[in-house]
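Colleague: mind folding the following:
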Amino acid sequence: MKSTTNVVQKKIGRPRIGEENADIFSVRWPREITVRVDAYAKRKAIKTRGEAIRALVLLGLSAHDEGEMKRTARVSRTKKTD
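Modeller: Numbers count the residues shown, from 1 in each chain. Below is the predicted model of the structure:
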């Protein structure tokens, strides 16, 4: 009797890496920004430029959110004193 073997076909194209819901985009900016991102990555011992960019974006967003919270608190305090 012949034995059957299942053969798994390889998928064509680049393998998927990372999260399923991750968006991929490219950006063009001056070399000065690239140098600054690389310097940040070196200071923080971040291995890749992509990780450094993600860290900087998250840092900027959290700073923005904190600024929004402070501004909201300031507005609510001035309304209470009026």
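Colleague: Leu56 touches Asp38, doesn't it?
Modeller: No. Taking contacts as Cβ atoms under 8 Å, Leu56 lies outside contact range of Asp38: 11.4 Å. Placement of C-beta: from N, CA and C, glycine included.
Colleague: more crowded one of these two?
Modeller: The residue with more neighbours, out of Leu56 and Asp38, is Leu56; 16 against 13, by other Cβ atoms under 10 Å.
Colleague: spit out the contact partners of the more buried one.
Modeller: Contacts for Leu56 (Cβ atoms under 8 Å, 6 or more residues apart in numbering) come out as Val37, Tyr40.
Colleague: can you tell me the helix or strand for Lys47?
Modeller: Following DSSP states H and E, one finds Lys47 outside all helices and strands.
Colleague: who's in contact with the closest residue to it other than its chain neighbours?
Modeller: Spatially, and ignoring its direct neighbours in sequence, Lys47 is nearest to Ala41 (7.7 Å; Cβ to Cβ, 6 or more residues apart in numbering). Contact analysis of Ala41 by Cβ under 8 Å, 6+ apart lists Lys47, Thr48, Arg49, Glu51, Ala52.
Colleague: for Thr48, give me phi and psi.
Modeller: As for Thr48, its main-chain torsions (degrees, to the nearest 10) stand at phi -120, psi 160.
Colleague: same thing with Arg49?
Modeller: When read as degrees, to the nearest 10, the backbone of Arg49 gives phi -70, psi -40.
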